[in-house]
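**Student:** this is a predicted model, with the sequence first.
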Amino acid sequence: MSRSYEDIPLTPISDTPSTVNMTGLWRVFRPVVDLDKCRKCTLCWKFCPDAAIELVDGKPNIDLRYCKGCGICANECPAECIIMVKEEAE
Ligand code: SF4
Ligand code: SF4
C-alpha cells in the first residue's frame with residue numbers, strides 16, 4: 001500500500017543552513033542520489049539536520065558546502081536511492 005506525504009508525521013525542520021559553519025568540511029562520507037529511483041517523498045529534505053538539501057521538482061539537490069555526511073538522508077529514504085560514498089583523500 002503506498003502512502004502519501006499526508007500520512008507522514010509532522011517533523012521539526014530547519015529552513016536555512018548553518019551559514020556561519022561550513023559543515024561540509026566535516027564530511028567523511030558523501031550522499032549520492034539515484035534520482036531515477038527518487039519517489040519525491042521529501043523525507044530526506046525534512047530530516048537533513050543542516051538544511052543542506054534543496055528540492056528541485058520534488059527531488060533532492062544536496063549542497064555539499066553544508067552537507068556534513070551524517071547519512072540521515074540515506075537512512076530515511078524509503079526508496080533506498082541515497083548511498084553514502086567515502087570521500088577520496090586529497
Ligand atoms: S548526509 Fe544527508 S542528512 Fe546528513 S547533512 Fe548531508 S544531506 Fe543532510
Ligand atoms: S527520501 Fe529518497 S525518495 Fe524521498 S525525496 Fe529523498 S531521495 Fe527521493
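**Tutor:** Thanks, I have the structure now. Predicted model only: the values in this text are computed from it and were never measured. Numbering: from 1, shown residues only. Ligands and ions are numbered 1, 2, ... in the order given.

**Student:** switch to C-alpha atoms for all contacts and neighbour counts from now on
**Tutor:** Will do.

**Student:** count of residues packed around Met22?
**Tutor:** Counted by other Cα atoms under 10 Å, the residues lying close to Met22 total 14.

**Student:** residues contacting the closest residue in space to it that isn't next to it in sequence?
**Tutor:** Spatial nearest neighbour of Met22, excluding adjacent residues (Cα to Cα, 6 or more residues apart in numbering): Tyr66 at 5.5 Å. Counting by Cα atoms under 8 Å, 6 or more residues apart in numbering, Tyr66 touches Pro17, Ser18, Asn21, Met22, Thr23, Gly24, Leu25, Asp50, Ala51, Ala52.

**Student:** 7 Å instead?
**Tutor:** Pro17, Met22, Thr23, Gly24, Asp50, Ala52 (Cα atoms under 7 Å, 6 or more residues apart in numbering).

**Student:** and it, how close does it get to Cys38?
**Tutor:** 21 Å (Cα to Cα, to the nearest Å).

**Student:** now do Pro78
**Tutor:** Pro78 sits 9 Å away from Cys38 when distances are taken as Cα to Cα.

**Student:** now do Cys70
**Tutor:** From Cys70 to Cys38 the distance is 20 Å (Cα to Cα).

**Student:** so where's this structure shaky on pLDDT?
**Tutor:** Counting by pLDDT under 70, the low-confidence segments of the chain come to 1, 12-20, 89-90.

**Student:** tell me how many other residues crowd Ile8.
**Tutor:** Quick note: Ile8 (other Cα under 10 Å) scores 10 neighbours.

**Student:** distance of it from Pro31?
**Tutor:** Applying Cα to Cα to Ile8 and Pro31 gives a distance of 23 Å.

**Student:** over to Cys38?
**Tutor:** For Cys38, the distance to Pro31 - Cα to Cα - is 14 Å.

**Student:** comparing those two, which residue is more hemmed in?
**Tutor:** More crowded of Cys38 and Pro31, by other Cα under 10 Å: Pro31, with 23 against 18.

**Student:** ok, of the contacts of Tyr66, which come out buried?
**Tutor:** Neighbour counting by 16 or more other Cα atoms under 10 Å classes Pro17, Thr23, Gly24, Asp50, Ala52 among the contacts of Tyr66 as buried.
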